[in-house]
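[1] Fold the following.
(one chain, ligands or ions: 1)
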Amino acid sequence: MSKIRIATTSLAGCFGCHMSFLDMDERLVGLLEHVELDRSPLTDIKHCGPCDIGLVEGGLCNAENVQVLREFRQQCKILIAVGACAINGGVPAMRNHYSVQECLEEAYVNGVGVDNPMIPSDPELPLLLSKVHPLHEVVRVDYYLPGCPPSGDAFFTILSDLLAGKEPSLSKAMLHYD
Ligand code: SF4
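    From the prediction side, this is the model:
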């Protein structure tokens with residue numbers, strides 16, 4: 001039987017959701033008998049190929065995030081928004097109360113401990129969006145895995161259900177909105 005192919009990525013996130021993915025602990029061994037990984041921090045593959053499931057952590061704060069998310073949507077049959085940042089922008093979206101210029105000045109000019117104040121302008125840097133967006137504002141999302149981060153149990157349940165061809169069903173105890 002061919003394996004299910006899964007890709008994961010972190011956009012404007014902190015990798016905490018990926019750490020929680022690893023909290024499946026020894027259950028990962030059983031899972032990997034049925035799953036192979038495409039693009040993911042665990043494989044270091046740079047572009048998402050055709051996949052069954054894409055797990056996306058983090059919202060969208062720059063043009064590169066949008067590009068990566070569109071590639072995931074194009075390549076993945078099922079797209080899951082993982083964690084508060086992907087679902088509603090989370091902590092990075094706190095900057096939405098300020099202009100991009102105010103944020104840059106706070107980070108690189110006026111912030112505590114800034115030495116040699118200078119706003120970076122290298123053309124290689126991804127262009128910042130004026131606001132941080134959750135995934136569903138840019139692409140269609142199939143499932144949402146709430147939490148900051150979702151628990152390892154929640155990851156295991158949603159992936160096991162999808163692998164079994166079932167509609168995912170998370171118990172109330174697994175649904176966290178903090
Ligand atoms: S939801 Fe929480 S753990 Fe996940 S990327 Fe955002 S801040 Fe990090």
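
[2] helices and strands of this protein: which one bottoms out on pLDDT?
    helix 27-31 (a mean of 93; mean pLDDT, DSSP states H and E).

[3] what's the spacing between the residue of the chain most remote from its centre and Ala81?
    Distance from the C-alpha centroid of the chain, by CA atoms, centre = their mean, peaks at Asn116 (32.8 Å). As judged by CB to CB, to the nearest Å, Asn116 and Ala81 stand 38 Å apart. All C-beta spots, glycine's among them, are computed from the backbone N, C-alpha and C.

[4] Helices of this protein, start to end?
    16-22, 27-31, 63-75, 83-88, 100-105, 152-163 (DSSP state H).

[5] pLDDT wise, what is Asp44 at?
    Model confidence at Asp44, given as pLDDT, is 85.

[6] number of nearby residues for it?
    7 (other CB atoms under 10 Å).

[7] and the residue most central in space within the chain, what are its bridge partners?
    The chain has Glu57 as the residue nearest its centroid, 1.2 Å off, counting by CA atoms, centre = their mean. Beta bridges link Glu57 to Ser10, Val82, judged by DSSP bridges.

[8] quick one: contacts for it?
    Contacts for Glu57 (CB atoms under 8 Å, 6 or more residues apart in numbering) come out as 8-11, 13, 15-18, 82-83, 85-86, 149.
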